[in-house]
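Asks: need a 3D model of the following:
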Amino acid sequence: MTKILSKILIFVFLISTSLAEIVNDIEITGNKRISNESFIVLGQIDLSKDLNDNELNHILKNLYETNFFNNVSLSIDNSKLKIVVVENPIIEDIEITGINNKKLLENIYENIALQNRTSFTENLLKKDIELIKTINKSAGFYFVDVVTSLYKDENLNSIRLKINVNQGERAKIKKIIFIGDKKIKDKKLLEIIASEEHKFWKFISQKVYLNENIVNLDKRLLENYYKNEGYYNVKVLNSFVELNNEGFFKLTFNIDAGKKYYFNKLSLSLPEDYNKKDFKDIKKIFKKLKGKEYTLNSVEKILKEIDKIAALKLYDFINATVEENIVDEDKINFLFKMQDSQKFYVERINLFGNFQTVEEVIRNNLIVDEGDPLNEVLYNKSIDKIRALGFFDNVKSEVIEGSDPNLKVINITVEEQPTGEI
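Replies: This next block holds a predicted model:
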């Protein structure tokens, strides 16, 4: 059996070797912008290898993945690898018209795949058109139409691309209803969510327009409200919209409130070197909550007490996690675990995107500063304080490696709200 297997392996090796060809040179035709040297890099071509069918397929795949070529063919003739290509045109200029909202337009320009000085393909254009429609829908424009036009320079193999966006009317919410096991009256739930029903006197309000981001916010607002009413396992199963003949939408939220839950055992787990007296206020809260109706705010109150302890810098490297366990069908045990986080220090804090806001305004809201221990609780609270200023549409942050293993750099990027707009 071993001899037979050895013969088979030798036979397979001889076949694969016989199919491979030795290549001493490369000949490339059809390339105008891409240099011969670049082909070797892009195709990952290794002339030291004998090229078999697998190697040729690998080169072909690499070249197509660059999006530089509309067509590529490979062949070997007299130990020469011949590559014939048809290059995709390059985008000389791209212009998007029909969108007056500057922020929305910038969002589209930043996210589309086709950019100036990149290769043009019909497939990427189709994807960008769908992306433009999706971004517009998220802003309430559900009837958007996109028309494209191309102006090609055959000599330069370049394209001027124009994308005209007809946004149409913004989708207005005529009716908001709540279905399912909701247990709370619609009138109260309408006060909780951000979306509003369209009325003639609400001509300034942006909340009467159907907006995917606001609907997602509505779901979170509903879940938080129910959880503060004791419905620990509430689920907003889905939301959907229906369009009537007049161009108005009906927005529906399907809610499963479930049953009410109550606090049972609340406990605190501390490392051995922590002083239990520092956490006495938290234990007082535990006693008050036992047997009471569950609320999300109560859990957050405990976490805020932990924040206070961290803010006093009694413990530089502190992290808190919460473990929840349902018992007796409607009771919940909570374990708050205090842990030492990895010991890092803040080397530098970089701020980006604050073109109008003075840097000092942002830095004054940082609890963690340069040179301080990188306390995870205080770091997260610092970012929350910047968001709470109300100056920014978006605040992003990241922690990256510093100049030494025990140093970290914090990058904070803000997106300022547009001024002079209602």
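Asks: could you use CA atoms for every contact and neighbour count after this?
Replies: OK.
Asks: mind pulling up the pLDDT for residue 310?
Replies: As predicted, residue 310 sits at a pLDDT of 67.
Asks: do the same with the one 10 residues further on
Replies: Per-residue pLDDT puts residue 320 at 75.
Asks: and it, helix, strand or coil?
Replies: State at residue 320, reduced to three classes by DSSP: H, G, I helix; E, B strand; the rest coil: strand.
Asks: touching, residue 231 and residue 259? I think so.
Replies: Yes - counting by CA atoms under 8 Å, residue 231 touches residue 259, with 5.9 Å between them.
Asks: so which of these two has more stuff around it?
Replies: residue 231 (24 against 14; other CA atoms under 10 Å).
Asks: can you give me phi and psi for residue 377?
Replies: When read as degrees, to the nearest 10, the backbone of residue 377 gives phi -60, psi -50.
Asks: next one: it, what pLDDT does it get?
Replies: On the pLDDT scale, residue 377 gets 73.
Asks: ditto for residue 8
Replies: Residue 8 is assigned 40 on the pLDDT scale.
Asks: check which helix or strand covers residue 94.
Replies: With secondary structure defined by DSSP states H and E, residue 94 is part of strand 90-97.
Asks: what's the nearest residue to residue 356 if we skip its chain neighbours?
Replies: In space, not counting the residues next to it along the chain, residue 356 is nearest to residue 416; the distance is 7.7 Å by CA to CA, 6 or more residues apart in numbering.
Asks: the one you found contacts residue 391, correct?
Replies: Yes - contact status for residue 416 versus residue 391: in contact at 6.2 Å, counting by CA under 8 Å.
Asks: overlap in contacts of these two?
Replies: Shared contacts of residue 416 and residue 391 (CA atoms under 8 Å, 6 or more residues apart in numbering): none.
Asks: now do stretch 224-244: distance to the chain's middle.
Replies: Per CA atoms, centre = their mean, to the nearest Å, the displacement of stretch 224-244 from the mean C-alpha position of its chain is 23 Å.
Asks: contacts made by it with the rest, please.
Replies: The contact list for stretch 224-244 (CA under 8 Å, 6+ apart) reads 192, 215, 219, 222-223, 249-262, 293-297.
Asks: which among the residues you listed end up buried?
Replies: Among these, those classed as buried by 16 or more other CA atoms under 10 Å are 215, 219, 222-223, 249-258, 260-262, 293-296.
Asks: show me those residues that map onto helices.
Replies: Among these, DSSP state H puts 215, 219, 222, 223, 296 in helices.
Asks: okay if I get those as TSV plus distance to residue 289 and pLDDT?
Replies: Below are these laid out as TSV (distance: CA to CA, whole Å; pLDDT from 0 to 100):
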residue	distance to residue 289	pLDDT
215	33	84
219	27	90
222	23	94
223	21	93
296	12	91
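Asks: all strands of the stretch 51-200 of the chain, in order?
Replies: With strands called from DSSP state E, counting those that start in this stretch, the stretch 51-200 of the chain shows them at 69-77, 80-87, 90-97, 145-153, 158-166, 172-181.
Asks: with distance to residue 351, mean neighbour count and mean pLDDT added, can I get these in JSON lines?
Replies: Below are those laid out as JSON lines (distance: least, CA to CA, whole Å; neighbours: other CA atoms under 10 Å; pLDDT from 0 to 100):
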{"stretch": "strand 69-77", "distance to residue 351": "40", "mean neighbour count": "14", "mean pLDDT": "86"}
{"stretch": "strand 80-87", "distance to residue 351": "42", "mean neighbour count": "18", "mean pLDDT": "87"}
{"stretch": "strand 90-97", "distance to residue 351": "30", "mean neighbour count": "17", "mean pLDDT": "92"}
{"stretch": "strand 145-153", "distance to residue 351": "37", "mean neighbour count": "13", "mean pLDDT": "92"}
{"stretch": "strand 158-166", "distance to residue 351": "34", "mean neighbour count": "19", "mean pLDDT": "93"}
{"stretch": "strand 172-181", "distance to residue 351": "38", "mean neighbour count": "17", "mean pLDDT": "89"}
